[in-house]
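Asks: Sequence and predicted structure below; questions after.
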Amino acid sequence: MWEQSKAAKRRFGIGAFHNRYFVGHGIDVGGKPDPLGQYAGIFARMASCRTWDIEDGDAQLMKGVVDNQYDFLHASHCLEHMVDVNEALANWIRIVKPGRFLIITVPEEDLYEIGNWPSKFNHDHKWTFAIMKEKSWSEKSINVVDLLRRYVGLIEVEKVELIRDFFRDSWVREQIDQTRTPVAECCIEIILRKNGGK
């Protein structure tokens, strides 16, 4: 719950989000009810951030959004809802300007689903994610490293990081959705730079 706002508070202390990633005009895919654009005054170089949600169209296709339109794309806990993750990511890359950034977070399967599939906490999750594992307990697991390898040449990987801020290992046995707390983040943060720019 409110994963984007939790991330915004963490990101506020990281200079690259102010001076590199959230710069110019962006799009927040799947941003409701907690859109990134509400923090345009906090991240001072963010000129605007359009929220794209279900009423705007399928986030997998981004139909009607022209190529190379946005300075940055943000998607917080959206990719796991896509039927075809590869098609979604390809379209998200397509609509970002060359040389600019995609900032994507997905739930980490061992911190969020905690060994349960289908997901116990969100029945619309179609995939689970790990940064890189030889074998997962989830039949729908995606290794982020393998996913990004498909786009070599189109993107540079700026960062892939496990975020487990305020995650309590002692709660795992109790199968608690820690994202329902006001502080815990249980995700993988992926930052990509689209090739072709200066």
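Replies: The structure has been received and is ready for your questions.

Asks: Going by C-alpha atoms from here, please, whenever you check contacts or count neighbours.
Replies: Fine.

Asks: show me where pLDDT drops low in the protein?
Replies: 197-198 (pLDDT under 70).

Asks: can you give me the offset of the longest strand belonging to the chain from its chain's centre?
Replies: Longest among the strand segments of the chain by residue count, using DSSP state E, is strand 96-107. Between the centre of strand 96-107 and the centre of its chain there are 8 Å (C-alpha atoms, centre = their mean, to the nearest Å).

Asks: counting contacts, what elements does the next helix or strand along the chain from that strand pack onto?
Replies: Going down the chain from strand 96-107, the next helix or strand is strand 128-130, by DSSP states H and E. For strand 128-130, the packing partners by 3 or more C-alpha pairs under 8 Å, 6 or more residues apart in numbering; DSSP states H and E come out as strand 96-107, strand 141-143.

Asks: Would you format those as CSV with mean neighbour count and distance to Gly31 included?
Replies: Below are the helices and strands packed on strand 128-130 laid out as CSV (neighbours: other C-alpha atoms under 10 Å; distance: least, C-alpha to C-alpha, whole Å):
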stretch, mean neighbour count, distance to Gly31
strand 96-107, 23, 12
strand 141-143, 18, 22
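
Asks: does Ile19 count as helix, strand or coil?
Replies: In this structure residue 19 is Asn, not Ile. helix (DSSP: H, G, I helix; E, B strand; the rest coil).

Asks: residues in contact with it?
Replies: Contacts for Asn19 (C-alpha atoms under 8 Å, 6 or more residues apart in numbering) come out as Arg45.

Asks: Report the separation between it and Ile155.
Replies: If you measure Asn19 against Ile155 using C-alpha to C-alpha, to the nearest Å, the figure is 20 Å.

Asks: Name whatever forms a beta bridge with the residue lying closest to Gly37 once chain neighbours are set aside.
Replies: Distances taken as C-alpha to C-alpha, 6 or more residues apart in numbering put Cys49 closest to Gly37, at 4.7 Å, once the chain neighbours are dropped. Under DSSP bridges, the beta-bridge partners of Cys49 are Gly26.

Asks: Make 13 the first number, not 1, from now on.
Replies: Right, with 13 as the first residue, what we last looked at is Cys61.

Asks: pretty sure Trp139 contacts Cys90?
Replies: No - using C-alpha atoms under 8 Å, Trp139 makes no contact with Cys90, being 10.7 Å away.

Asks: State whether Val95 is indeed within a strand.
Replies: No - with three-state DSSP as the criterion, Val95 is assigned coil and is not in a strand.

Asks: one step back: put together a markdown table for the helices and strands packed on strand 140-142, with distance to Ile126 on each row.
Replies: Putting those into a markdown table (distance: least, C-alpha to C-alpha, whole Å) gives the following:
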| stretch | distance to Ile126 |
| --- | --- |
| strand 108-119 | 11 |
| strand 153-155 | 13 |
